[in-house]
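[1] Quick check, what structure comes out for this input:
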Amino acid sequence: MPKSQAAKELAAKQKAEAKAAKERRKNSDNPKDWGTWKQLVETFKMTRKADPSVTWWVLGAVLVPIVVFVVLGIIITPWWMWLVVGIFAGAACGMWIFSRRARRSMYTRFKGQPGSAEVALSQLDKKKWTTTPAIAVSRQQDVIHRALGPGGLVLVGEGHGNGLRKLMAEEKHRHEQVAYGVAVITITMGEGKDQIPLEQLDKKIKKLPKTLDDARINEVRSRLKALDAMRPRIPVPKGPMPTSTKGARNSMRGR
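    This next block holds a predicted model:
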């Protein structure tokens, strides 16, 4: 049966909307809108700016396994099978080396900036951990972040001196009041004694012994939502915060 005019118009509208959405994603600067290939290319570009040698590291990681397996293929036939294995092994090694170099350059780029702990927390498994950046920020740019997952309820502080200790103590007390028996773990990020460096922060949290199951995590999460709802609404920029006084003041005003 021929399509009615309404059906044709609906199909044309859906096609136009799909085309517009595709064009928007193509020109978007939001990584969430990018495809896997574009994300990989953009990540490589950013990594190469901070680590120019990444190209040679990746090429070496790809070529060495290929050469090794080709040599094996010359000795043990059929050679083409060993070549295929070498290509797959080289691609896997190249991706592994690239991911490690990209991770290191990311931490190098953000290290020392207020709010940079959010970068490490973003590396946690989102299926297991719920992270909330900058739940508390002082005028001195002391920052408290939060993570909730199998390892417990974790507060991560970054800053200096008594200001950070006071802010951390206040937040720990607030969270203990709603956690109801769940221990509040505090971690201070930094380069000093008893502090965890940025590049080791996510590993430290992942290694925490499992103390909460899914039901308990959901229960604590709902209580934390109530706690956050009582906080004053202070606009805080996402990601590492500006280091200049003017930039920080404008960001806190939401400009």
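[2] after the strand or helix carrying residue 83 comes which helix or strand?
    Using DSSP states H and E, residue 83 sits in helix 79-110. Counting by DSSP H and E, the next helix or strand C-terminal to helix 79-110 is helix 117-121.
[3] measure residue 67 to residue 74 for me?
    From residue 67 across to residue 74, the span is 11 Å (C-beta to C-beta, to the nearest Å). (Glycine included, C-beta is placed from N, CA and C.)
[4] Repeat that for residue 168.
    Residue 168 sits 62 Å away from residue 74, going by C-beta to C-beta.
[5] so residue 216 makes contact with residue 181?
    No. Counting by C-beta atoms under 8 Å, residue 216 stays clear of residue 181, with 9.5 Å between them.
[6] Compare neighbour counts for these two and give me the winner.
    Neighbours were counted for residue 216 and for residue 181 using other C-beta atoms under 10 Å; residue 216 has more, 14 against 7.
[7] Skip the chain neighbours and tell me the closest residue to the more buried one.
    residue 182 (7.2 Å; C-beta to C-beta, 6 or more residues apart in numbering).
[8] List phi and psi for the residue nearest in space to the middle of the chain.
    Taking C-alpha atoms, centre = their mean, the centroid of the chain lies closest to residue 122, which sits 2.5 Å from it. Dihedral pair for residue 122: phi -70, psi -10, per degrees, to the nearest 10.
[9] pLDDT value on it, please?
    Looking at residue 122, its pLDDT stands at 87.
[10] Find the nearest non-adjacent residue to it, please.
    residue 131 (7.1 Å).
[11] Quick check: the one you found is in a strand.
    Yes. Note on residue 131: a strand contains this position according to DSSP: H, G, I helix; E, B strand; the rest coil.
[12] Return the distance of it relative to residue 221.
    Applying C-beta to C-beta to residue 131 and residue 221 gives a distance of 12 Å.
[13] Who has more neighbours out of those two?
    More neighbours surround residue 131 than the other of residue 131 and residue 221, with 21 against 14 (other C-beta under 10 Å).
[14] Show me the beta-bridge partners of that one.
    Note on residue 131: beta-bridge partners residue 147, judged by DSSP bridges.
[15] In the helix or strand where residue 69 lies, which residues are buried?
    Element membership for residue 69 (DSSP H and E) is helix 54-75. Judged by neighbour count (16 or more other C-beta atoms under 10 Å), helix 54-75 contains these buried residues: 54, 58, 61-62, 65-66, 69-70, 73.
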